[in-house]
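1. Just the structure for this:
(chains A, B, C and D)
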Number of protein chains: 4
Amino acid sequence: MLDIGIIGASGYTGGELMRLLFNHPQARVELATSRKLIGQKVSATHRHLKDMVDLEFENPDSQEIKDRCDVVFVAVPHGTAMEIVPKLLDDKVKVIDLSADYRLNPDVFEKVYGIKHQDPRHVVYGMPELHPEVKHEKFIANPGCFPTGATLAAAPLAQVSMIENVVFDSKTGVSGAGIEPSQASHYPNMAENVQPYKLTTHRHLAEFTQELQRLDNSLTRISFTPHIIPSVRGILTTAHIFTKGKLTQYDVMDLYAEMYQDKPFVRVVDGIPSLSAVRGSNFCDIGFEVDTRNNRVVVISAIDNLVKGASGQAIQNMNIMCGLGETTGLWMSGVAP
Amino acid sequence: MLDIGIIGASGYTGGELMRLLFNHPQARVELATSRKLIGQKVSATHRHLKDMVDLEFENPDSQEIKDRCDVVFVAVPHGTAMEIVPKLLDDKVKVIDLSADYRLNPDVFEKVYGIKHQDPRHVVYGMPELHPEVKHEKFIANPGCFPTGATLAAAPLAQVSMIENVVFDSKTGVSGAGIEPSQASHYPNMAENVQPYKLTTHRHLAEFTQELQRLDNSLTRISFTPHIIPSVRGILTTAHIFTKGKLTQYDVMDLYAEMYQDKPFVRVVDGIPSLSAVRGSNFCDIGFEVDTRNNRVVVISAIDNLVKGASGQAIQNMNIMCGLGETTGLWMSGVAP
Amino acid sequence: MLDIGIIGASGYTGGELMRLLFNHPQARVELATSRKLIGQKVSATHRHLKDMVDLEFENPDSQEIKDRCDVVFVAVPHGTAMEIVPKLLDDKVKVIDLSADYRLNPDVFEKVYGIKHQDPRHVVYGMPELHPEVKHEKFIANPGCFPTGATLAAAPLAQVSMIENVVFDSKTGVSGAGIEPSQASHYPNMAENVQPYKLTTHRHLAEFTQELQRLDNSLTRISFTPHIIPSVRGILTTAHIFTKGKLTQYDVMDLYAEMYQDKPFVRVVDGIPSLSAVRGSNFCDIGFEVDTRNNRVVVISAIDNLVKGASGQAIQNMNIMCGLGETTGLWMSGVAP
Amino acid sequence: MLDIGIIGASGYTGGELMRLLFNHPQARVELATSRKLIGQKVSATHRHLKDMVDLEFENPDSQEIKDRCDVVFVAVPHGTAMEIVPKLLDDKVKVIDLSADYRLNPDVFEKVYGIKHQDPRHVVYGMPELHPEVKHEKFIANPGCFPTGATLAAAPLAQVSMIENVVFDSKTGVSGAGIEPSQASHYPNMAENVQPYKLTTHRHLAEFTQELQRLDNSLTRISFTPHIIPSVRGILTTAHIFTKGKLTQYDVMDLYAEMYQDKPFVRVVDGIPSLSAVRGSNFCDIGFEVDTRNNRVVVISAIDNLVKGASGQAIQNMNIMCGLGETTGLWMSGVAP
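-> From the prediction side, this is the model:
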């Protein structure tokens, strides 16, 4: 039984780690930290966990964390993780960082986030479908929510260098804005609405670019525009992929089927994915249609932003890093309707 | 490992039985029937179950059902169950009927539903918190969705004969209207709306009455008004209970704590329940406040109508009838946010 | 053409006053105040008013307000209005206060709100259907949102002293929580949810009580429980009215038809009201059903909380106070679907 | 006062025509037809119109329609309009067809819709911002909902032949699916979801193409993918426009400001449009941001699909065709929040 620590457990990704780990047969949450809520019951913040998680928020020092935990998930804001992680790295502990701090090459990070990196190092990008080397690591950087769905949608075509130009148009649920109320999450602002934002400048674009260029270093035309939609969970990404030549529906199916054939959490579906089928689960559903008129392939990916886009993928990484079955504790369907 | 049959598996309660049973360690779905969808993949209808339920809908005769299954859930419309159930009853099979056909005394049933009962018999009402005798049964009637939340909200006060008059004002999600599109479930009709219906005549009232009168046969003043709200899942019931004398918050807490102390799926909460904390789970959350001015206790109960209000409670009954732990396969939290 | 001032124009009721007055043929908004947003364009806050309201927020002293305006709407928080209103009262200006400060007898106000009243005086309660004397007033107190729908739902039965006991179970949209983000208005908390609050202690109860007791001073059993539902606008109130004797559907229809026969904004409907039919309009739709078993009448009222529940009713009062037609500028249907 | 006939008045566009015309100072609805609902009250279907529209559905022959009406709106399904319109055309009557039948060149229509055109003729496309010649017509074809927002978003850049390639990614509310319940409009399917559909084959693409090629006949790379989102009303279109050369934010602002400077219903906004600001109104809000890295301009347009995308634009056309002010009866803001 692995003892788990969650650093920054009062937010949505912390709550989701606890929800999912509660049903993991080989892990148990030992420690949930919060600087603001020390001594308060976890279930007072995450009310759905009442009678299941009987912990109080704590804030121990890093030595105690390492002593008590086999695996530590770091779920703090970007800029803060780089202060905490170095103290946790240790031969006996595995660390999974859910912030943006270690996902990018440090030079790129500093440009994109406008922050000097205090702990520059090379870290494996924890998307197991593209990075099987996760299994040898003690510390990995868990991908961002938009990059997960977008990269998986385009990877099979990038790998064969077929992409001329790709536009990712993403639709995210409001939980992506976090647990703290804001104008962006104010119910009267978001209900019955769609709110595009950062039309050309969202920082997650740097992650897509890094990952897709690993697969095809000639690919430079990558665009991204996110939108908030009236849903709590989920990211649906529409990848408009202009290809270098004509492709048939069968060509594309072959590429996707081959790349994801032994990836349990990517489901290449016959129809068109939607958020409903993945809500609450670790699946990424992918479907597509070829527009021969324009040499365009429209690929749709759907994930739950809090599961495959954050906490579920983090546990998938933990499973792999710890030698457990990749799907352990995560092999459950979405909640539909 | 129990082999499970689901009669009428194409609707929401059928889908939910499969979602929940997929994670049950001692059961597996052997058979999913549908008269209309014979030969089609279950996951074409219930898309969230793709790669998890690899069955096709079938429609075998009752002998084959009994040969292949240890437990049969009947999830067909009322009036139809009474035609199917008698053929399934057998010493070797356990049957749980999710329709209304066997919940009421046959005389009452005929009055309320306006149908002649073709198989009148006494059947235990499968609400395990009030009917521990479920454990000796081979056939039980699973409660309705509104009666589950309403009865649990009022039972502790009914048991001590303190209720003078009770008004149940319930708010249900749209999934209660079923998988078939209708005016009541048309998105433009329900979004940003509340739709009261059957203000004084909903048939579920007969179930509340039966169950509460079992606890207090002098209780006659029971009213019920349901409303559809813009949520997919969930029923929140506000029970306005006028009591025969003054009660303090402590008095009420004692009654509820005592009645539900060893009932794992009823959580008496400190604050005010809401649908968010129970969505996807088998919990019934209960909270209350005393209005001393009017000798009124306002009790709020919240359930997921498809889980504790239908399929989850049915599996809870199965567990008890089969000698398994009551919470087996159901001990998971709600999905929040 | 009346020159209108709106004190506290940055919130939802201020925005709604401007939306409605823009189409009023005999009024024009001259002044919109905000202490925080001085010099900013009104349409930067209320983006739907772009190209229609070309004002900037100001904060002039009371003398200037009186000099520039014929009618002043005060839309500031309770406790603040009583500081502003006395300086505005003047023979030449009409004042309509949308806060709670002047709705109640000052003694009752102090008990309910826990604030010493700085300007105790008798003010007419501006519900024109019950208070035709509005037409003689220069200053009126505009009713609260819950009291508007609830009082209109019960008044015809109160007037004939038929009410033994009434429970108001109200469902309100999230805009009732105001324009500032909070936990109560956080999208992930409210979507797919129902949140009861102040189960027995909501302050609006004092308004219902005052108004219903004016009609029947023997009526004491009045209860109220509010719930927030996932809708931006609207309040639907379910009034469970236990009557002193048996009433038929016809008896009730006669009472309601008679009381509201020449009240243009109350529509007694044949079916069951819902929020959809009144959204954006000044109507209060009322429908009912008699439960003869329990001597209960279930009356449903539906209003738009920002229109009939606030700004629309305020303009209706203005029309009457200024000798205009009651429906001037307000005679438009709801926006459905 | 113009007498108005609405052919096919039982659907959403019919209801919206009546809602809007009710406040039009120079028009009144004389006739509302429905083949299925003859003799029923219009307000029984469109409940928000109670006490405002006191008509019953009729089904008179075309001569009577022409005798009784000055303007006829045809709001029937495509394929049906071409049977009705020829009989209505007459010197004394103006006809506005809201179906797809007359929007396209008949040859293109037959290919796209797979129907033989029974009344091929050249008809002006009723988008007044691009077709001022509407004012000389007696019969016009009212644009589709997606084409309205998409064409207005791209026209200024098409007009100067700057578009290399454009991808329209549109998000529509559920009311676009019509008043009849279906899987696409089933609340449990659409709440908390996004549903892309017809990824590469939506028929409205032919309208965009026709209109944009009128402005730039060298433009061939036009793509379109629609999505249904959980909102009743509204279409937000994200136009990813790859330009032939570099453009600055100022260049683009100049083009849009110039093209729309005297178009009252197109608002070029400073920030990013969203559905909230246009709901219920005839505005098309447009905003944009330049992505210099990729020579991409992201243009966002937001409309209410039932107003500017259908009935409002039809009335705007009526105003122009009848010599009234373009904004008559339509100069009202959206309903927000």
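2. From now on I want contacts and neighbour counts done on CA atoms only, so please keep to that.
-> Will do.
3. Kindly report the residues of chain A close to chain C.
-> Contact residues (C-alpha under 8 Å from any C-alpha of the partner chain) of chain A with chain C: A:174-175, A:180-183, A:185-188, A:190-191, A:231-232.
4. try it again with 10 Å
-> Residues of chain A that fall close to chain C, judged by C-alpha under 10 Å from any C-alpha of the partner chain: A:173-192, A:230-233.
5. Determine which residue belonging to the stretch 201-337 of chain A approaches chain C most closely.
-> Nearest to chain C, among the residues of the stretch 201-337 of chain A, is A:Val232, at 5.3 Å (C-alpha to the nearest C-alpha).
6. go on, chain A?
-> Residue of chain A nearest chain C, by C-alpha to the nearest C-alpha: A:Tyr187 (4.4 Å).
7. List the contacts of the closest residue to A:Leu219 other than its chain neighbours.
-> The shortest distance from A:Leu219 to any non-neighbouring residue, by C-alpha to C-alpha, 6 or more residues apart in numbering or on different chains, is to A:Gln213 (6.0 Å). By C-alpha atoms under 10 Å, 6 or more residues apart in numbering or on different chains, the residues touching A:Gln213 are A:Ala155, A:Ala158, A:Gln159, A:Ser161, A:Glu207, A:Leu219, A:Thr220, A:Ile222.
8. ranges for the strands of the stretch 201-337 of chain A?
-> Assigned by DSSP state E, counting those that start in this stretch, the stretch 201-337 of chain A shows strands spanning A:222-228, A:235-243, A:266-268, A:284-291, A:296-303.
9. Give the full set of residues in contact with the residue nearest to A:Thr243 when sequence neighbours are not counted.
-> Spatial nearest neighbour of A:Thr243, chain neighbours left out: A:Ile163 (4.6 Å); criterion: C-alpha to C-alpha, 6+ apart. Neighbouring residues of A:Ile163 by C-alpha under 10 Å, 6+ apart: A:154-157, A:212, A:216, A:218-222, A:241-245, A:296-297.
10. Buried by neighbour count, from those residues: which ones?
-> Among the contacts of A:Ile163, those scoring as buried are A:154-157, A:212, A:216, A:219-220, A:222, A:241-243, A:296-297 (criterion: 16 or more other C-alpha atoms under 10 Å in any protein chain shown).
11. where does A:Val167 land on pLDDT?
-> For A:Val167, the pLDDT comes out at 98.
12. of all the contacts of A:Gln213, which two lie farthest apart?
-> Maximum pairwise distance in these, criterion C-alpha to C-alpha, is 18.2 Å, between A:Ser161 and A:Glu207.
13. Settle it for me: which of those two has more neighbours?
-> Looking at A:Ser161 and A:Glu207 with other C-alpha atoms under 10 Å in any protein chain shown, you find the greater number of neighbours at A:Glu207, namely 24 against 18.
14. Report the contact partners of the more buried one.
-> Taking C-alpha under 10 Å, 6+ apart as the contact definition, A:Glu207 lies against A:100, A:103-105, A:108-109, A:125, A:143-144, A:146-148, A:150-151, A:213.
15. And for A:Asn165?
-> Residues near A:Asn165 by C-alpha under 10 Å, 6+ apart: A:Leu219, A:Thr220, A:Arg221, A:Ile222, A:Ser223, A:His240, A:Ile241, A:Phe242, A:Thr243, A:Lys244, A:Arg296, D:Asn294.
16. residues touching the residue of the stretch 201-337 of chain A found nearest chain D, list them.
-> Closest approach between the stretch 201-337 of chain A and chain D, counting by C-alpha to the nearest C-alpha: A:Ser231, at 4.2 Å. Going by C-alpha under 10 Å, 6+ apart, A:Ser231 touches A:171-175, A:190-192, A:275, C:187-188, C:191-192, D:190-194, D:229-230.
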